[in-house]
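J.: Predicted coordinates and the sequence they were generated for:
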Amino acid sequence: MIDLLLSRNFAGAIGFLVAALTAIILHELAHGYAAMKNGDYTPKLYGRMTLNPLKHFDPLGFCLFLFVGFGWAKPVPVNPSNFRNYRKGMFWVSVAGVLTNLALAFVSVPLYRLCLILYGQVASVTGLAFLVRILTFYFWYMSVINVSLMVFNLLPIAPLDGFRIIQSFTRPWNKFVQFMERYGLAILIGLVILSYILSVTPGLNFSLFGTIANWVLTPIELFWDWIFGLFGLL
């Protein structure tokens, strides 16, 4: 029993770590790719169009992933003045990351379901079962982390993607834009602290962003449950 618990914990830790790195890296690569498609090659010049996690690693953002459940990577440098169309470029660069996270979550849910089915068939084969267990945790965390990352980044608070999306439709002297550029980071830190306090307060154990992420993830899970049901896989 102890060996089983240790293997589950180890498999879960590996699955979480790799899933978090995958989600963060692909989120930032999506920003860089969108920037280049709109005429700005700054991400490539700064060496950010790479799968090397060290190039995207942000210590604070990753620690928040570990202890709070959401966080961020080192932002990909972008120079909007290089865009062929400023507003169009700002919009697509801002939305690219969250759309990528949504797509990754959507694909990860059925792969998680398939891994559960596969694990039931190979559970007696020790080495193969452990590998499938890692993959099962990986795809589960991929679905959860990507949805959480999407929800977090869609907040209309500077410097998150949600704010940049709004900024692409407004003028620089817009009062909301000016307010967020001045106080956005402080508001964001306050929300992070509030979310953490709510999650660890006895009797509450309420995760602000986790609850919203569950609302987004539920219809994706229901859709794939329907698809699996059609093929008799449930």
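T.: Okay, I see it.

J.: Could you name the helices and strands sitting against the one helix or strand in the chain whose mean pLDDT sits lowest?
T.: Lowest by mean pLDDT, DSSP states H and E among the helices and strands of the chain is helix 59-67, with a mean of 74. Packing contacts for helix 59-67, counted by 3 or more Cβ pairs under 8 Å, 6 or more residues apart in numbering; DSSP states H and E, involve helix 2-37. Quick note: C-beta positions are derived from backbone N, CA and C, even for glycine.

J.: repeat that for 10 Å
T.: With contacts defined as 3 or more Cβ pairs under 10 Å, 6 or more residues apart in numbering; DSSP states H and E, the packing partners of helix 59-67 are helix 2-37, helix 126-153, helix 175-200.

J.: Low-confidence regions, the protein specifically.
T.: Across the chain, residues meeting the criterion (pLDDT under 70) sit at 1-8, 66, 68-71, 126, 203-206.

J.: Export the helices and strands packed on helix 59-67 as TSV, with columns for distance to I212 and mean neighbour count.
T.: Supplementary listing: those in TSV, determined by distance: least, Cβ to Cβ, whole Å; neighbours: other Cβ atoms under 10 Å:
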stretch	distance to I212	mean neighbour count
helix 2-37	17	18
helix 126-153	5	22
helix 175-200	10	14
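
J.: can you redo those helices as TSV with distance to F169?
T.: Listed next are those as TSV, based on distance: least, Cβ to Cβ, whole Å:
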stretch	distance to F169
helix 2-37	17
helix 126-153	17
helix 175-200	10
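
J.: nearest to F67, of those helices?
T.: helix 175-200 (7.6 Å; Cβ to Cβ).

J.: The closest one - contacts with which helices or strands?
T.: helix 59-67, helix 126-153, helix 161-167, helix 208-230.

J.: same for the last one, what does it pack against?
T.: Spelled out, it's helix 208-230. Against helix 208-230 (3+ Cβ pairs under 10 Å, 6+ apart) you get helix 86-122, helix 126-153, helix 175-200.
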